[in-house]
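> missing the sequence, but the structure's below:
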């Protein structure tokens, strides 16, 4: 066989393999209204909420582990400084956004709307920073 035939054969095999992968994944797919098998549900016969207590305790354990890693009480001042610095950064970004909003024309207000969306996203970031600051302040 010459090199061109080898390339065609290799390409054909790759396409067949990809087709097999797509076909096999479709067979594993599930219709939207089919119920999940019992093994895919929570491990309780009470449905998905039957395991809520175990799940809640696992979430609590993850939270405790993360808080132990962060050492909030030890590094509270450093975290507050970080939050304040990021808040200042967001303020500067908001000012830059306001100062550079493209007014566009009556036919193309979308550029102005994009600037306002950016401003709203930055405002939401400031609200999130305030919530994080309250969390740090209240952490024991």
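Looks like it came in fine. Computed from a predicted model, the values in this text were never measured in an experiment.

> when you work out contacts or count neighbours from here on, use the C-alpha atoms and nothing else.
Will do.

> which stretches in the chain count as helices?
Ranges of helices in the chain, per DSSP state H, are 3-28, 52-70, 76-99, 110-138.

> where among those is average confidence lowest?
Taking the mean pLDDT of each of the helices of the chain, the lowest value is held by helix 3-28, a mean of 71.

> redo the helices of the chain as JSON lines? Include mean neighbour count.
Listed next are those as JSON lines, based on neighbours: other CA atoms under 10 Å:
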{"stretch": "helix 3-28", "mean neighbour count": "11"}
{"stretch": "helix 52-70", "mean neighbour count": "12"}
{"stretch": "helix 76-99", "mean neighbour count": "15"}
{"stretch": "helix 110-138", "mean neighbour count": "15"}
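
> can I see the domain layout of the chain?
The record assigns the chain these domain ranges, following automatic domain parsing: 1-29, 68-140.

> tell me which of those domains lies nearest to residue 58.
Between residue 58 and the domains of the chain, the shortest separation by CA to CA is 15.3 Å, and it involves domain 68-140.
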